[in-house]
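Peer 1: sequence and predicted structure, then a few things I'm wondering about:
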Amino acid sequence: MQRRHNILFIVLAALVIALFVCDLAVGTVSLSLGDVLSALCGGDTDEMSRRIIIDIRLTKAIMALAAGIALSISGLQMQTLFRNPMAGPYVLGVSAGASFGVALFLLGAPLIGLSASGALGTLGTAGAAWIGAAAVLMLIIALSRRIKDIMVILILGMMLSSALGAIVEILQYLSDEQSLKSFVVWTMGSLGDVTRAQLAIILPLITVGIALSIATVKPLNTLLLGETYARTSGINLPRTRRAILLSTTLLAGTITAFCGPVGFVGLAVPHVARMLFRTADHRTLLPASALIGGVMLLFGDLLSKALLLPINTITALMGIPIVVYIVLRNRNLMQ
């Protein structure tokens, strides 16, 4: 079994590297793999090709890889925490909070006579989305301290998402055409709007989220046997929940803030990891999900360029068939 896992990890890592390099070569201006490797290694290449690869495509490819890793890990954590194979990284309202923040920024501000310029403009769409996601997280963590039943927290998160969604719809109904178009474009998701300066903020936040997820691997494995068993095993459940919730928000919230809601990656990838590696051990599933998520987003970015479609559309088209197939193939996904 271990030999099989090692082979799978090597294949997935090779796929990530190959797709990463291809993502740098493919675009409006086609470049050879030689140009890409030369630019990455500081070799002799023309200035225009170097700027396209280093200044534009490299940032987008790193963002695609980071998004795939972050969303997949957060999805794995949510499915284990709630013991629900249909749980995803946005189940607690992180996406709804981000959407609410962006809606207030793009749709609400013009309604009260404010414009997205000056002090308000420095906040930006990403800042508004992050504040919205963080606000929802703080509310959920506060509720988790009072409520011991994790399923009640799940239901409250879903209700909160519905409430915020209703407010967003009201803002959409009252908004002008230009503001509404800006918001709709954000909901489609984009990996190409992230700048190098923003990437310097995103990567440390995701790194902290991944570190927290690694720290909770043992509690996650214990939670597979139920909360009662975890409690008798000495696991501090309230602290574990807060760590997982914080990790999920750092991972999914950061990606949503800067890239928009990228759906179905966190839902589908953990199932693919379980199917390929045939294990429920998070020591294996965590890196496996990260690699598979990277493969999915890099491949999705290539399709997005080829078909000229938003990344959210591509991930939905890729993720929905995967989830349907796996659910029909194996109904005991969490066992």
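Peer 2: The structure has been received and is ready for your questions.
Peer 1: C-alpha from now on. contacts and neighbour counts both.
Peer 2: Noted.
Peer 1: mind listing what's buried along stretch 21-28?
Peer 2: When neighbours are counted by 16 or more other Cα atoms under 10 Å, the buried residues of stretch 21-28 are found to be V21, C22, D23, L24, A25, V26.
Peer 1: reformat the residues you listed as TSV; add pLDDT.
Peer 2: Formatted as TSV, the entries for those read as follows, by pLDDT from 0 to 100:
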residue	pLDDT
V21	90
C22	89
D23	89
L24	88
A25	85
V26	84
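Peer 1: from those, pick the one nearest S190.
Peer 2: The shortest distance between S190 and any of the buried residues of stretch 21-28, using Cα to Cα, involves D23 and amounts to 14.8 Å.
Peer 1: check the gap between that closest one and L237 for me.
Peer 2: In this structure, D23 lies at 42 Å from L237, with Cα to Cα, to the nearest Å as the measure.
Peer 1: also S175?
Peer 2: Separation of S175 from L237 (Cα to Cα) stands at 44 Å.
Peer 1: now T313
Peer 2: Summarising the geometry, the distance separating T313 from L237, computed by Cα to Cα, is 37 Å.
Peer 1: so S175 and L237 - more neighbours on which side?
Peer 2: Under the neighbour definition other Cα atoms under 10 Å, S175 and L237 were set side by side, and S175 has more, 19 against 16.
Peer 1: verify the contact between the more buried one and L107 for me.
Peer 2: Yes: the criterion here is Cα atoms under 8 Å, and S175 meets it with L107 at 5.8 Å.
Peer 1: one step back: got the buried residues of stretch 21-28 as a markdown table, with secondary structure and distance to M138 columns?
Peer 2: Conversion of those to a markdown table gives the following (DSSP: H, G, I helix; E, B strand; the rest coil; distance: Cα to Cα, whole Å):
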| residue | secondary structure | distance to M138 |
| --- | --- | --- |
| V21 | helix | 39 |
| C22 | helix | 40 |
| D23 | helix | 37 |
| L24 | helix | 38 |
| A25 | helix | 42 |
| V26 | coil | 41 |
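Peer 1: I'd like those written out as TSV, with distance to I131 added.
Peer 2: As requested, those are arranged in TSV below (distance: Cα to Cα, whole Å):
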residue	distance to I131
V21	34
C22	35
D23	31
L24	32
A25	35
V26	34
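Peer 1: just the residues you listed now: which is nearest G266?
Peer 2: The nearest member of these to G266, counting by Cα to Cα, is D23 at 21.3 Å.
Peer 1: what's the longest helix belonging to the chain packed up against?
Peer 2: Across the chain, the helix with the greatest residue count (assigned by DSSP state H) is helix 118-146. If you count contacts as 3 or more Cα pairs under 8 Å, 6 or more residues apart in numbering; DSSP states H and E, helix 118-146 packs onto helix 94-103, helix 150-174, helix 237-248, helix 254-259.
Peer 1: nearest to T187 among those helices would be which one?
Peer 2: T187 lies closest, by Cα to Cα, to one member of these: helix 94-103, at 7.8 Å.
Peer 1: list the contacts of the closest one.
Peer 2: Taking contacts as Cα atoms under 8 Å, 6 or more residues apart in numbering, the residues outside helix 94-103 that touch it are 90, 125-126, 128-137, 161, 164-165, 167-168, 171-172, 183, 187, 249, 252-253, 256-257, 261.
Peer 1: among those residues, which ones are buried?
Peer 2: When the contacts of helix 94-103 are checked for burial by 16+ other Cα under 10 Å, the buried set is 90, 125-126, 128-134, 136-137, 161, 164-165, 168, 171-172, 183, 187, 249, 252-253, 256-257, 261.
Peer 1: ok, back up a step: can you name the two of the buried residues of stretch 21-28 that sit furthest apart?
Peer 2: V21 and V26 (8.9 Å).
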